[in-house]
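Asks: one predicted model, sequence on top.
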Amino acid sequence: MANRETIVVIGAGVIGLSTALYIQQHLTPTQSILLIARDFPSDTSVNYASPWAGAHYRPVPGSTPQALREAKQAQRTYEFLKRTASAEPGAGVEFVGGVEYLEAPPAEYLDTQSVRNVYAHLDGFRKLGGEELPAGVRWGVEYGTYVVNSPVYCAHLLRKFVLRGGETKRYTLVNLEEGFSMARGVRCVVNCSGTGFGDPKSFIIRGQTCLVRNHVSKTITRQNTDGSWSFCIPRPLDGGTIIGGTKEPNNWDPNPSLETRKRLLDNASKWFPFAPESKGQFDVIHDIVGRRPAREGGLRIEADKIADDRYVVHGYGAGGRGFELSRGVAEDIVSLMLEKGLLQARASL
Ligand SMILES: Cc1cc2nc3c(=O)[nH]c(=O)nc-3n(C[C@H](O)[C@H](O)[C@H](O)COP(=O)(O)OP(=O)(O)OC[C@H]3O[C@@H](n4cnc5c(N)ncnc54)[C@H](O)[C@@H]3O)c2cc1C
């Protein structure tokens, strides 16, 4: 058929997969979709962030344009993942209790309105009273949140995409222009490549965590006085528990540090409610090192018209929040594509 068109999505991380699935729901009969990536959910590369994520949802108060935009994306994702957790038990998403303890809360945590803006939507949200806080902690909250078994969830998204007729291709693109040559009739390339292609605002944030077999029933995050963070995240479907973690901008070391592992586990045994029988010992499955694909000013969601009838739509730079923002980002990308006439709205959706 002469007027057939293919939409190319680059990237099979949580952002590319969520976006490709949502685009798929809006395709017209003459459009098809091709997902191209260097890495897919069964792969393990330090440069492929998604399978390494914790992943839990913890709101981030703030008043910058990035914080306000992300708050909306995070709230939509929360509702979406709540539905996913109950409707698709094999997706690797589960609702559990979430607790936060901060020893040195930054100003935005002390501003009631700014806290309400990002936390009020959470099921059972409650600020903890002074008598409920552990020694040394000045601010604490509890709420219902989700945890994600990130490799399982990514595999689930890919499976759904393929079952719904999506095509995939393993390929490493040298530049975005190449995306237009990967199929016939490509008018739009959606760039969900994590760090973009040579964007000077992109940078990586190294994260080291440790996956253990020991079980906890809720996700707890503790900010330490020195500004570092300790957290435990149970992974659904018997996936163990993630003990974290570090956030090291521009640190390219791909190897886990044993010293860091020891510090993370020592803190976890002090602060998190693992079974007393474990006596502070952890059954380590493996260390994790991944690179969060960050960007100054936050995610780039933008449509670039590169020729009369050709667009690159960008969706990269999620930093440490790719899972938390994933559905909101997919919706924002699709809205942009609808606005540019690259997709058509369907009354039934
Ligand atoms: C230790 C750690 C803990 C984390 N914890 C959390 C958490 O609790 N909650 C949360 O929300 N997030 C968390 N994150 C962050 C989260 O993992 C990222 O934000 C998210 O994975 C980014 O997804 P992405 O799809 O943008 O990028 P990626 O997952 O990196 O995927 C990028 C995709 O683009 C492809 N690609 C790149 N370049 C090319 C090319 N040239 N040609 C073809 N394909 C290409 C890659 O192969 C890959 O498929 C954590 C990350 C780490 C490392």
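Replies: That came through fine. Numbering: from 1, shown residues only.

Asks: only C-alpha atoms from now on, for both contacts and neighbour counts.
Replies: Noted.

Asks: where's Trp139 relative to Leu325, distance?
Replies: Distance of Trp139 to Leu325, given as CA to CA, to the nearest Å: 25 Å.

Asks: these two - which one has more neighbours?
Replies: Neighbours per residue (other CA atoms under 10 Å) separate Trp139 from Leu325, with Leu325 holding more: 25 against 21.

Asks: which SSE is the more buried one in?
Replies: helix 322-339 (DSSP states H and E).

Asks: so what does that helix touch, helix or strand wise?
Replies: helix 14-24, helix 65-87, strand 300-307, strand 310-316 (3 or more CA pairs under 8 Å, 6 or more residues apart in numbering; DSSP states H and E).

Asks: list the contacts of Asn224.
Replies: By CA atoms under 8 Å, 6 or more residues apart in numbering, the contact set of Asn224 is Leu102, Glu103, Ala104, Ser230.

Asks: mind listing the strands for the stretch 151-300 of the chain?
Replies: Ranges of strands within the stretch 151-300 of the chain are 167-170, 186-191, 202-212, 219-223, 229-234, 241-244, 248-249, 284-295, 300-307, based on DSSP state E, counting those that start in this stretch.

Asks: what's the most buried one of the ones you listed?
Replies: strand 241-244 (a mean of 27; mean count of other CA atoms under 10 Å).

Asks: show me where the stretch 101-250 of the chain has helices.
Replies: Here the stretch 101-250 of the chain has its helices, by DSSP state H, counting those that start in this stretch, at 107-110, 112-119, 150-163.

Asks: buried stuff in the second one?
Replies: Burial within helix 112-119, assessed by neighbour count using 16 or more other CA atoms under 10 Å, is assigned to Ser114, Val115, Asn117, Val118, Tyr119.

Asks: also the longest one?
Replies: Within helix 150-163, the residues that qualify as buried are Ser150, Pro151, Val152, Tyr153, Cys154, Ala155, His156, Leu157, Leu158, Phe161, counting by 16+ other CA under 10 Å.

Asks: OK, contacts around the fourth one?
Replies: Contacts for Tyr153 (CA under 8 Å, 6+ apart) come out as Ala91, Gly92, Val93.

Asks: check contacts around the closest residue in space to the last one that isn't next to it in sequence.
Replies: To tie it back to what came earlier, the one meant is Val93. Spatial nearest neighbour of Val93, excluding adjacent residues (CA to CA, 6 or more residues apart in numbering): Val148 at 4.5 Å. Applying CA under 8 Å, 6+ apart, one finds that Val148 lies in contact with Gly54, Ala55, His56, Gly92, Val93, Glu94, Arg235, Pro236.

Asks: understood, closing this out.
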